[in-house]
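[1] Sequence and predicted structure below; questions after.
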Amino acid sequence: ARLVCGRRPKTSDDFGRYCSVESDDYLEPDTAEEECNARAMTPGKRARRGFFIGFVYAVVGVMSSVVMTGVIGVVGVIEKARVKATVTQLQSENAEGGRGDIGSAWLVWTGSSLALCLVAVVCVLVEPAAGASGIPGVIAYLNGVHPHGGKSPLTGHETSFISFKTMLAKVIGTICSIPAGLCVGPEGPAIHISALMARHVARAMQAVERVLFPHYVFSVHASEARDFLATGAACGICTVLRAPLAGVMFVVEEASSFFTTRHVERTFLACLCAYWTTFAVHQPDEGFTKFAQTRGPFCNLQTFFDVASFVALAAIGGVLGAGFNHVVIRLNRWRKHRVNPWAWRRVAETALIVLLTGKCEPFIFAALLSVLVAHSAAGAASQPQVVMSGESYGSWDEMAAADVNLGGQGYGGLHEAMQRAVLQGDA
């Protein structure tokens, strides 16, 4: 588990870190105290303990869902605010009296992105373990290796991969980096955040139990703490993808090298609690189903050309994916020695990426907006054919006279709005 890319590291610095990594012992300690607890565990106490652990798993699912749903909701609010501010600048009058102040729009769009990214960079500099997705570290922890959090370039203190501070920095960094326009998403961070949330929720529930039921306090073994963290990772996937089985299968197939049937059952219970909590507190505009499958009489009709295209697309995607992974690995090795040890270089790197990726977006947006305006102006001069609800009409008057029930995806008031526009001559 200590190998790097399948081999031992060559440099002295990496070799020192290699020797400092040791595996965690998940076996139950063979001590007199454990033997005494096992002998004192009556069937009634064992049932109460099992019920309490199941309740903790359910609380883990609910809390993971609430936290990640809140993160995604805040991300959506920030994204809409940035787009609204940029559109306002594009639609405002400039100094020459025309419409569309592209310079101000660029400043709003890129400036807000840069500010958000700088906040995320500070979080990573304070807690280095909050960087990246966190999935490799979670998998390493679940398989017996306790990953190091790293030394903070700002504070100079050693950090922990599974601490509450790391989770808090990860939450803030995720909220700032996703709406900034970078090529990142909530799926990877959700696994790390939810896993740490499960760990700390379990510890909090145990503290509550000590107060409420001092005679039935149980000691959490290392294997049980590992299982809570694995279940949290599953709840994170369930929340962002809205798929309980996907979360369970991630723990079984990818994350853990050892699991029991009882742990799978409790993980599925936690994922169900996370799923229904997400369903109750968050109903997005596009619908609750994450990946809706198109239905219709022609969806399953595939020709030989379609199958050949699928094979060619798979081959091209595999080659591009392998090339991308190779470039990323080489780039990360270079950044490890040339960028990451210095805080100012990491800040400059982030600012450079934001300026390069955000430079042309407002101009492209303005160009698309001008094309749409020109297209609508040209369409107003002619009489287009209107096709809605499966019916065709030769003119706007004919459509208005038909009084059909017009509908649109995601816009229930399209019927009234279109009729009002046609009758008032604005269409």
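    That came through, no problem.

[2] Quick one: find the helix or strand in this structure with the lowest mean pLDDT.
    Of all helical and strand segments in the chain, the minimum by mean pLDDT, DSSP states H and E falls on strand 386-388, at a mean of 41.

[3] quick one: Val240 is in a strand?
    No: when DSSP: H, G, I helix; E, B strand; the rest coil is applied, Val240 is found to be helix, with no strand at that position.

[4] wait, doesn't it sit right on Met68?
    Yes: A contact is recorded between Val240 and Met68 when judged using C-beta atoms under 8 Å, the distance being 6.3 Å. All C-beta atoms are positioned from the backbone trio N, CA, C, and that covers glycine.

[5] overlap in contacts of those two?
    186, 190 (C-beta atoms under 8 Å, 6 or more residues apart in numbering).

[6] Have a look at those two and say which one is more surrounded.
    Met68 (29 against 25; other C-beta atoms under 10 Å).

[7] I'd like the distance between that one and Pro179.
    15 Å (C-beta to C-beta, to the nearest Å).

[8] Which helix in the chain has the most residues?
    The residue-count maximum for a helix in the chain (DSSP state H) belongs to helix 43-91.

[9] continuing past that helix, what's the next helix or strand?
    Stepping forward along the backbone from helix 43-91, the first helix or strand reached (DSSP states H and E) is helix 102-126.

[10] So which elements touch the helix or strand just after that following helix?
    Scanning forward in sequence from helix 102-126 by DSSP H and E, the next helix or strand is helix 135-142. Applying 3 or more C-beta pairs under 8 Å, 6 or more residues apart in numbering; DSSP states H and E, one finds that helix 135-142 contacts helix 187-212, helix 222-241.

[11] Serialize these to CSV and add fields for mean pLDDT.
    Written out in CSV, the entries for those read as follows (pLDDT from 0 to 100):
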stretch, mean pLDDT
helix 187-212, 88
helix 222-241, 87
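
[12] closest to Ile316 out of those helices?
    Smallest distance to Ile316 across the helices and strands packed on helix 135-142 (C-beta to C-beta): 23.8 Å, for helix 187-212.

[13] In terms of secondary structure, what does that closest one contact?
    helix 43-91, helix 135-142, helix 164-177, helix 222-241.

[14] nearest to Leu212, of those helices?
    Proximity to Leu212, assessed across those by C-beta to C-beta, is greatest for helix 43-91 (10.3 Å).

[15] for the record, mean pLDDT for stretch 312-322?
    Mean pLDDT, computed over stretch 312-322, is 96.

[16] any weak-confidence spans in the stretch 1-150 of the chain?
    Per-residue confidence for the stretch 1-150 of the chain (pLDDT under 70) gives these ranges: 1-31, 33-34, 93-100.

[17] same thing but at 90, please
    Low-confidence segments of the stretch 1-150 of the chain, defined by pLDDT under 90, span residues 1-54, 83, 86-110, 129, 131-150.

[18] Can you show me the CA trace of stretch 236-246 as CSV?
    What follows is the C-alpha trace of stretch 236-246 in CSV, where atoms were taken according to Å, rounded to 0.1, in the frame of the first residue of the first chain:
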residue,chain,number,x,y,z
GLY,A,236,-21.8,11.2,-0.6
ILE,A,237,-22.1,9.4,-3.9
CYS,A,238,-25.8,8.7,-3.2
THR,A,239,-26.4,12.4,-2.6
VAL,A,240,-24.7,13.9,-5.6
LEU,A,241,-25.8,11.2,-8.1
ARG,A,242,-29.1,10.4,-6.4
ALA,A,243,-28.5,6.7,-6.6
PRO,A,244,-28.4,4.6,-3.4
LEU,A,245,-27.1,1.4,-5.1
ALA,A,246,-24.3,3.3,-6.7
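
[19] Give me the contact list for that stretch.
    Contacting residues not belonging to stretch 236-246 are listed as 61, 64-65, 68-69, 72, 186-187, 190-195, 247, 250, 268, 271-272, 274-275, 278-279, 288-290 [C-beta under 8 Å, 6+ apart].

[20] Buried residues, it. List them.
    Taking 16 or more other C-beta atoms under 10 Å as the neighbour-count basis, stretch 236-246 is seen to contain the buried residues 236-244.

[21] now the residues you listed as a markdown table including distance to Leu116?
    Compiled in a markdown table, the buried residues of stretch 236-246 are given as follows (distance: C-beta to C-beta, whole Å):
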| residue | distance to Leu116 |
| --- | --- |
| Gly236 | 22 |
| Ile237 | 25 |
| Cys238 | 27 |
| Thr239 | 22 |
| Val240 | 20 |
| Leu241 | 24 |
| Arg242 | 26 |
| Ala243 | 29 |
| Pro244 | 32 |
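
[22] just these now: which is nearest Trp106?
    Ranking those by separation from Trp106, with C-beta to C-beta as the measure, puts Val240 on top at 31.4 Å.

[23] Tell me the spacing between the closest one and Ala85.
    Distance from Val240 to Ala85, by C-beta to C-beta: 27 Å.

[24] swap in Leu352?
    With the distance defined as C-beta to C-beta, Leu352 ends up 23 Å from Ala85.

[25] again with Trp334
    Relative to Ala85, Trp334 is positioned 36 Å away (C-beta to C-beta).

[26] likewise Ala58?
    When distance is defined by C-beta to C-beta, Ala58 is 41 Å away from Ala85.

[27] same question, Leu196
    Distance from Leu196 to Ala85, counting by C-beta to C-beta: 33 Å.

[28] quick one, which of the two is more surrounded?
    The neighbour count for Leu196 versus Ala85, taken as other C-beta under 10 Å, is higher for Leu196 (29 against 16).

[29] Sketch out the low-pLDDT regions of the stretch 251-400 of the chain for me.
    Across the stretch 251-400 of the chain (using pLDDT under 90), the flagged ranges come out as 251-264, 279-307, 332-333, 336-338, 340-343, 350-400.

[30] and Thr159, which of the three is it?
    strand.

[31] If it is in a bridge, with which residues?
    Residues found in beta-bridge contact with Thr159 (criterion: DSSP bridges) are Gly150.

[32] Please identify the helix or strand for Asp184.
    Let me fix one detail, which is that residue 184 is Val and not Asp. Per DSSP H and E, Val184 falls between elements, in no helix or strand.

[33] How much space separates the residue lying closest to it once chain neighbours are set aside from Pro341?
    If the residues on either side of it in the chain are set aside, Val184 comes closest to Ser177, at 5.4 Å by C-beta to C-beta, 6 or more residues apart in numbering. For Ser177, the distance to Pro341 under the criterion C-beta to C-beta works out to 21 Å.
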